[in-house]
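Undergrad: What shape does this take:
(one chain, ligands or ions: 1)
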Amino acid sequence: MSSVVVVGAQWGDEGKGKVTDYLAAQARTVVRYQGGSNAGHTVVVNGKTFKLHLVPSGAIHANKRCVIGNGVVIDPVTLVQELEGLKESGIDVPLHISERAHVILPYHRVLDQLEEQRRDPGSKIGTTGRGIGPCYVDKAARCGVRMLDLRTPEAFRARLAAVLPAKNALLKALYGHEGFTVDEIMAQCGPAAEKLAPYVTDTSLLVYNSIQAGEKVLFEGAQGTLLDLDHGTYPFVTSSSATAGGAATGSGVGPNFLNMVVGVVKAYTTRVGEGPFPSELQDAIGEKIRQNGAEFGTTTGRPRRCGWFDAVVVRYAARINGLQQLAIMKLDVLSGIPELKVCVGYRHQGAVCEHFPADINILDQCEPVYETMPGWDEDITGIRNYADLPANARAYLERIAALTGVPIALVSVGPGRDQTITIKELFG
Ligand code: IMP
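TA: Sure thing, here's the model as predicted:
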C-alpha cells in the first residue's frame, strides 16, 4: 500500500493527529485535504505537546513534504502564527499550499459568529466560530478568494474589490454590521499573505508526482464522518467532506490512488457542539471519561460530550468510507470502569434499526440498545503488545471489530507516540 487515508469515523476528535504522526514516520508526503482551523490535532512527542490546526500532523517529523490541499480553507493569519510557533520549537515545516485552496477572511469569521448568534437556541450548531462555513459557502457560490489570489498584493486587492461589496451588503442588511474595506483586510491579512505566497503551488501535481515516484503518501482527514456535510448529522455538521471521498476531491488525486482507508475511533464516543448523540452519558461515568480522557476541545476548550462506543455509528462510517482497518484510540481511558456498554442498535417506535438514519428527528427519538461487557482495572498505558492486554480489554476490542465488520490495526494506550500497539502495518 503506498497511500493511506486517515479518516475520523465518529464526530471528530478521535485522535487522527496521533495516528497521522505515527504513520508519517513511514511516509514521504503528508496531505491535509479538508476543513480548516476548526480542527485541532494534538501530537505528543517525547512529552512535548504540539497542537496543530492547519499544518499536517506529519510536520513533527523531519523532512516530510507537508501539503495543504485544495479542499482545505485557510485562515492566512492563523497559519502564519502556527508556522511561527512551530519554528520557535525548532520545526521548519517544508510546506506546500494548494493554489486552489480557499481563504478565510475576517468577514467569514464575523459572519460565522453573527449567523450562530441569530439561530434559535434549539437550532444553534455550536460552530467553532472560525469562519469555516461562510468560507465554504463562498466557494460554492463562486465568490471566494483562493490562495492564488494572494500571490501579489495587487492581485489580492483586486479580488477583494470584486467580492467585498456583496459581502458588505449582506453584513449590513442582515446584521447591521458596518462591513470591511479593502484597506482594512489588506492591513489584517496582507503581511500573512506575503509570507505564505512562496509556499503556494500546484499541490495536485506534487502529490501525483510523489505517488508516481513510488513514495508513500498519507492523507490526513479532519473532523469525522458524522460531521461530514453530506453524510453527517445534518445540519449539525461542518461544511466540508470529512469522509474518505474528500481525500480525492480535496487533494486533486484520483480515487484509484487511495490504497488503504483507516478509520480512527475512540474506544468510546465524544462530540463537541450541538446535535443528536444517542449513546451520550450524562452521568458520573460520562464525567469520569471526560476527566480521564481530558475531553476538552483543542480549538475552543469546550468540554466534550462523552458516551459509550456506538457500533451503529462506526458500522455506518465503515460503509461510507470503505474502511479497511480501524485504529482504536484512548483504550486506557476506560481502565477502571467495572462494566462497559456498547451500543449495538437503535430502538425506534418499537423496532430495532441497525442502520444510521439520515433524519435527525428520528435519531433524536432513537433509544440505544446496549450490550454490556466486563471492564478491566489494570493500567494498560505501558503495554506495547496486543497479547499483553487484559483479557477483558481484548474481548472488548474483538467485539468492536465484530460489530463494525472492520479489523483493528492499531490500538492507542496513551497520548505518546510510543504508546501504540501495532497489530497490522498499514503501509505495505
Ligand atoms: P464548524 O466546522 O466550525 O462550522 O462547526 C460545525 C460543527 O462541527 C460544530 O458542532 C463543531 O463543534 C464541529 N467541529 C468542527 N471541527 C471539529 C473538530 O475538529 N472536532 C470536533 N468537532 C468539530
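Undergrad: What residues does the stretch 251-400 of the chain have near the ligand?
TA: Within the stretch 251-400 of the chain, the positions adjacent to the ligand are Val272, Gly273 by Cβ under 6 Å from any ligand atom. Yep, even glycine has a C-beta here, placed from its N, CA and C like the rest.
Undergrad: Show me which strand runs longest in this structure.
TA: strand 339-348 (DSSP state E).
Undergrad: which residues of the stretch 51-200 of the chain fall in helices?
TA: With helices called from DSSP state H, counting those that start in this stretch, the stretch 51-200 of the chain shows them at 76-88, 106-118, 132-140, 153-175, 182-196.
Undergrad: closest to Tyr386 out of these?
TA: Among these, helix 76-88 comes nearest to Tyr386, with 33.8 Å by Cβ to Cβ.
Undergrad: which strands and helices sit next to the closest one?
TA: Counting contacts by 3 or more Cβ pairs under 8 Å, 6 or more residues apart in numbering; DSSP states H and E, helix 76-88 packs against helix 182-196.
Undergrad: Alpha carbons only: can I get the helix it packs on in PDB?
TA: Only the C-alpha atoms of helix 182-196 are listed here, as PDB (Å, rounded to 0.1, in the frame of the first residue of the first chain):
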ATOM      1  CA  VAL A 182     -10.200  46.500   1.200                       C
ATOM      2  CA  ASP A 183      -7.600  48.500   3.100                       C
ATOM      3  CA  GLU A 184      -8.700  47.000   6.400                       C
ATOM      4  CA  ILE A 185      -8.400  43.500   5.100                       C
ATOM      5  CA  MET A 186      -5.100  44.200   3.500                       C
ATOM      6  CA  ALA A 187      -3.800  45.600   6.800                       C
ATOM      7  CA  GLN A 188      -5.000  42.500   8.700                       C
ATOM      8  CA  CYS A 189      -4.100  39.800   6.200                       C
ATOM      9  CA  GLY A 190      -1.600  41.300   3.700                       C
ATOM     10  CA  PRO A 191       1.500  40.500   5.700                       C
ATOM     11  CA  ALA A 192       0.500  36.900   6.300                       C
ATOM     12  CA  ALA A 193      -0.400  36.600   2.600                       C
ATOM     13  CA  GLU A 194       3.000  37.800   1.600                       C
ATOM     14  CA  LYS A 195       4.700  35.200   4.000                       C
ATOM     15  CA  LEU A 196       2.600  32.400   2.600                       C
END
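Undergrad: got the angle between that helix and helix 76-88?
TA: Helix 182-196 runs at 30 degrees relative to helix 76-88, counting by axes from the mean of the first three to the mean of the last three Cα atoms, to 10 degrees.
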